[in-house]
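J.: Pasting the sequence and the predicted model now:
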Amino acid sequence: MISKFLLLLTVLALCLMVVQGSPIKVPSTPTTRSNTNDKETRNDRLSNAQRIARGLPLKTPERLYDPTRVNPLKARAS
């Protein structure tokens with residue numbers, strides 16, 4: 001009985017030494033996504049009017065005005 005207990009204790013001690021001796025290597029750059037915050041939230045889908053009503057800041061434009069652009073955007077119905 002005592003010899004089985006000592007054997008179990010020795011195996012557990014060896015396992016702990018192995019676990020403590022080899023740290024987990026974490027890659028420095030993520031391989032799947034460049035940005036972890038790429039996920040779109042509910043607040044990102046709101047219109048600017050809805051954002052103002054909820055007290056949130058306005059969304060930034062996706063494309064800023066460029067006066068040197070050859071084909072400016074045409075007016076269209078919303």
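T.: Okay, I see it.

J.: What is the longest helix of the chain by residue count?
T.: helix 2-21 (DSSP state H).

J.: That one - what's its average pLDDT?
T.: The average pLDDT for helix 2-21 rounds to 79.

J.: After it, which helix or strand is next?
T.: If you walk from helix 2-21 toward the C-terminus, the next helix or strand you reach (DSSP states H and E) is helix 48-53.

J.: Now do that following helix: distance to the chain's middle.
T.: Its chain's average C-alpha position is 26 Å from that of helix 48-53, according to Cα atoms, centre = their mean, to the nearest Å.

J.: Name the residues that touch it?
T.: With Cβ atoms under 8 Å, 6 or more residues apart in numbering as the contact definition, helix 48-53 has outside contacts at 43, 57-59. Just so you know, the C-beta spots here come from the backbone N, C-alpha and C atoms, and that holds for glycine as well.

J.: And the furthest pair within these?
T.: The span of the contacts of helix 48-53, defined through Cβ to Cβ, is set by Asn43 and Leu58 at 11.9 Å.

J.: in stretch 41-51, what's buried?
T.: By 16 or more other Cβ atoms under 10 Å, stretch 41-51 has no buried positions at all.

J.: quick one: terminal-to-terminal distance for it?
T.: For stretch 41-51, the first-to-last residue distance is 13 Å (Cα to Cα, to the nearest Å).
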